[in-house]
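[1] I'd like to go over a predicted model; first the sequence, then the structure.
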Amino acid sequence: MVEYNELTGELVAELVAIVGEDNCLTSEDINEDYSHDEMPIYGTHMPDAVVLPANTDEVSAIMKLASANNIPVTVRGAGTGLVGGSTPLAGGIALCTMRMDKILEYDENNLFVRVQPGVRLCDLAADAIDHGFMYPPDPGEKTGSIGGNVSTNAGGMRAVKYGTTRDYVLAMTVVLPSGEVLRLGREVAKTSSGYSLLHLMIGSEGTLGVITELSMKLIPNPKEDMSFILSFSDIQTAIAAVPKIKLAGLNPQSIEFMERDIVDSSAEYTGNKIIPTVVDGNECGAYILVTLDGNDEDEIFQRAETLAEIGEEAGAFDTFVIEHPADKAAVWAARSAFLTVIEKPSISMRWMWWFPSTKLPNSWALFMIRASRTTCSFARSAMRVTATCIFIAAETILSVRRFLRSRRVSCMRRTRNATSWAARFLASTALGTRKRNTCANRWVIRHSL
């Protein structure tokens, strides 16, 4: 690891001079939340100081000071990330952008909004609707910051139709580690000259610079939207229906696959039982949640009829229309609780694999789910294994959770070896790709035992 200098009292005083005493936290004033994001299993570490700048000039001054004195800086937004990117593993300075939380300007003629990075997704989405626009990116954590969404290129459920956050970034102001300020991109539909440094910054997770301002593309807000739940007997039948839906020209806003286990867990956790578990006497094993949007209700219903026909041909028990606003809110509230349910245990490990939707009906993709549920069966006395599958039509995320029930490390090691084989086997096929050392066994023994 790179050797850094210690953050001295003199340097802290200079930070105070830049951001003010109330916006520079040290020692006991630093909340434990600043030591990790929403996935502390990737590691935790307290920073030596937390600074909350209010504008680009203050960020630039902080970075110049840190660069001149070889002090590590970790950029942080709302802390809702799932990759450990905002964890200050080297200590030093945690630069939190959440004080920069202003929506600066709407350009209604050119369909964009200029914001600071600390604006929360839920606030921008609601404010855009008030102005007659839609901000399409819809990551699962609505309280995340726009700067964080851009830094991780967050996707979300609407990516099926509208794309990811990257597709809505027109321009940004960014401060480099040296303190130099750059303006990247343009607030225009087409700009193709030179290197696309804008897209290099998007998804860089704060490793290349600190985003201090963003110009985000908007679209006219669709006047109507409607959600539908298609219920199926098992996972394979449900997944096989997805390519048929995508190829039918329905142009859905979102398509989500949910298996029965996560639906039951969400209902138990939230008390929200809006998603049916028995249809016409048939036990449901999996579901597809589809949203259609547009400007004409009759046209949406025409597409809905096609959707129902496809569902019937694919083996769906029924297609439920979620039209009433209260029912729609309840369904999406249940869906939004999935991540909270998955993360609820205090000792956990997650693996994720991504698959093209066309590969999902393939038996090798289904092997992942089955292997995850059976590989550790010999160690059930020490561990409980739960495989939870949540699917967005553009990709599949399988989250495998292991909850420690005893401190028998030897048994954990044997289990780890077995599950590693399953992960390596799958990752070696053309169907799966590893993300962030998926097969590296991110065990949390050192944190929990």
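    Cool, got the structure.
[2] where along the stretch 101-250 of the chain do the strands fall?
    Counting by DSSP state E, counting those that start in this stretch, the stretch 101-250 of the chain has strands at residues 103-107, 112-115, 133-134, 169-175, 181-185, 210-217, 219-220, 224-232.
[3] which residues touch the residue lying closest to residue 336 once chain neighbours are set aside?
    Closest residue to residue 336 apart from its sequence neighbours, by C-beta to C-beta, 6 or more residues apart in numbering: residue 140 at 6.4 Å. In short, each C-beta sits where N, CA and C put it, glycine included. By C-beta atoms under 8 Å, 6 or more residues apart in numbering, the contact set of residue 140 is 156, 157, 336, 338, 339.
[4] show the pLDDT at residue 12.
    Looking at residue 12, its pLDDT reads 98.
[5] centre of the chain versus the strand or helix carrying it, how much separation?
    Secondary structure here is read from DSSP states H and E; on that basis residue 12 sits in helix 9-19. From the chain centre to the centre of helix 9-19 is a distance of 34 Å (C-alpha atoms, centre = their mean, to the nearest Å).
[6] do the same with stretch 249-262
    On C-alpha atoms, centre = their mean, the centre of stretch 249-262 falls 17 Å from that of its chain.
[7] and what of stretch 86-96?
    21 Å.
[8] pLDDT on it, on average?
    Here stretch 86-96 scores 96 as its mean pLDDT.
[9] can you list contacts of that stretch?
    Contacts to stretch 86-96, defined as C-beta under 8 Å, 6+ apart, come from residues 1-2, 4, 7, 15, 34-37, 42-53, 59, 62, 66, 71-77, 79, 148, 206, 210.
[10] from one end of it to the other, what's the distance?
    9 Å (C-alpha to C-alpha, to the nearest Å).
[11] now swap in stretch 71-87 and tell me
    Start and end residues of stretch 71-87 are separated by 15 Å (C-alpha to C-alpha).
[12] what does stretch 29-37 give?
    Separation of the first and last residues of stretch 29-37 by C-alpha to C-alpha is 18 Å.
[13] just the buried positions in that stretch, please.
    For stretch 29-37, the buried set under the neighbour-count rule, 16 or more other C-beta atoms under 10 Å, comprises 30, 34, 35, 36, 37.
[14] what's the answer for stretch 210-223, then?
    Within stretch 210-223, the residues that count as buried by 16+ other C-beta under 10 Å are 210, 211, 212, 213, 214, 215, 216, 217, 218, 221.
[15] how close does the spatially closest residue to the last one that is not a sequence neighbour get to residue 210?
    Setting aside the residues directly before and after it, residue 221 is nearest to residue 134 in space (C-beta to C-beta, 6+ apart), at 4.2 Å. In this view, residue 134 and residue 210 are 28 Å apart by C-beta to C-beta, to the nearest Å.
[16] relative to residue 182, which of the contacts of residue 140 is nearest.
    The shortest approach to residue 182 among these belongs to residue 156, at 27.4 Å (C-beta to C-beta).
[17] these two touch, right, that closest one and residue 135?
    No - proximity of residue 156 to residue 135 does not meet the contact threshold set by C-beta atoms under 8 Å, at 10.9 Å.
[18] name the residue in the two with the higher neighbour count.
    Set side by side, residue 156 and residue 135 show more neighbours around residue 135, with 24 against 21, by other C-beta atoms under 10 Å.
[19] all helices for the stretch 201-350 of the chain, in order.
    Secondary structure of the stretch 201-350 of the chain (DSSP state H, counting those that start in this stretch): helices located at 235-246, 260-270, 297-314, 325-336, 338-343.
[20] who does the second one touch, helix- and strand-wise?
    Other helices and strands packing on helix 260-270, by 3 or more C-beta pairs under 8 Å, 6 or more residues apart in numbering; DSSP states H and E, are strand 286-294, helix 325-336, helix 338-343, strand 383-392.
[21] swap in 6 Å and give it another go.
    Secondary-structure packing of helix 260-270 (3 or more C-beta pairs under 6 Å, 6 or more residues apart in numbering; DSSP states H and E): helix 338-343.
[22] with the fourth one instead?
    Helix 325-336 makes packing contacts with no helix or strand when contacts are defined by 3+ C-beta pairs under 6 Å, 6+ apart.
[23] that helix to helix 260-270, inter-axis angle?
    Helix 325-336 runs at 110 degrees relative to helix 260-270, counting by axes from the mean of the first three to the mean of the last three C-alpha atoms, to 10 degrees.
[24] just the buried positions in helix 325-336, please.
    By neighbour count with 16+ other C-beta under 10 Å, helix 325-336 contains the buried residues 328, 330, 331, 332, 334, 335.
[25] same deal with the longest one?
    Buried residues in helix 297-314, counting neighbours by 16+ other C-beta under 10 Å, are found at 300, 303, 304, 307, 308, 310, 311, 314.
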